[in-house]
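In: just need the structure, nothing else, for what follows:
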Amino acid sequence: MHSTILSKLLVGLLSLAIASSCSYSSNKPSVAVSTPEPDIIGVDIVRVFERFNAKDYTLFNNAVDDLLQISERSPEARKRVTEKLLKIAVKCKNYREESHEYPVWSMAVTTLGKMESEESIISLCECIDYTNGVGGLGFRRGFPAAYALQLIGRPAIAQLKEIIVSENSNNRANSGLAVSVLGMIGGKEEITFLKNLLKTEKDKFARREIEWALEHIEEVGEAN
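Out: Below you'll find the model as predicted:
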């Protein structure tokens, strides 16, 4: 009799303990497991750069437009696109022996110019004379880095003047291109700089480049 009562008591206590445990578990706040947000910007950039290597130039040109759109999403997006493009831009010297890489490099520096990327000015100046020799003498096709610097505009002036001053007697190609870009950008201060340069320049080809730059600045000034 006593053993039966004791058994029932033990069973009752055990049931109560189980019920209490279940009740505590159900009332305990659940901990949300956070999952990292997908890197949409990174995925989009990778997809666009895959088209940079496409043989289809329609896709190639569209890639530039898409990169510009991505760069406008946020400061972070602009930073990441710029970093990716600069990795291509700085390799211009390597591409001299790999002409099949030239279109990729050309589009990369042109995109930096259209982005008006001040971060890329030094790298673009280092490649200012790089050309595959088949694009003509115009900036846009013949010298993409020079064209990009023209698009960036006034922020590039100080570095362009540095090229002219430091290389005027050593590297005519770089100096001449820098003078031409300066002429395309224009400005009153640049007129004074070029006129002073003309006073000391003896080389007839260099003088011709300076004179052209001055004429262009004056023509643009009159048009404005």
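In: domain ranges for this structure?
Out: The record, using automatic domain parsing to delimit domains, assigns the chain the ranges 39-132, 153-224.
In: and these as a markdown table, adding mean neighbour count and distance to residue 143?
Out: For every residue, glycine as well, the C-beta is placed using N, CA and C. As requested, those are arranged in a markdown table below (neighbours: other C-beta atoms under 10 Å; distance: least, C-beta to C-beta, whole Å):
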| stretch | mean neighbour count | distance to residue 143 |
| --- | --- | --- |
| domain 39-132 | 17 | 5 |
| domain 153-224 | 17 | 6 |
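In: of those domains, which approaches residue 147 most closely?
Out: Taking C-beta to C-beta, domain 39-132 is the member of the domains of the chain nearest to residue 147, at 6.2 Å.
In: how about the helices of this protein, start to end?
Out: Remark: helices assigned in the chain by DSSP state H are 2-27, 40-52, 57-71, 75-89, 102-114, 121-126, 139-142, 144-152, 157-167, 172-185, 188-200, 204-223.
In: got the domains of the chain as a markdown table, with mean pLDDT columns?
Out: A markdown table is the format used below for the domains of the chain (pLDDT from 0 to 100):
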| stretch | mean pLDDT |
| --- | --- |
| domain 39-132 | 84 |
| domain 153-224 | 84 |
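In: and the residue nearest to residue 213 when sequence neighbours are not counted, how far is that from residue 215?
Out: Beyond its immediate neighbours in the sequence, the residue positioned closest to residue 213 (C-beta to C-beta, 6 or more residues apart in numbering) is residue 183, lying 2.7 Å away. As judged by C-beta to C-beta, to the nearest Å, residue 183 and residue 215 stand 8 Å apart.
In: what sits against the residue nearest to residue 125 when sequence neighbours are not counted?
Out: Nearest in space to residue 125, with sequence neighbours left out and distances taken as C-beta to C-beta, 6+ apart, is residue 159 at 5.0 Å. If you count contacts by C-beta atoms under 8 Å, 6 or more residues apart in numbering, residue 159 has them with 121, 122, 125.
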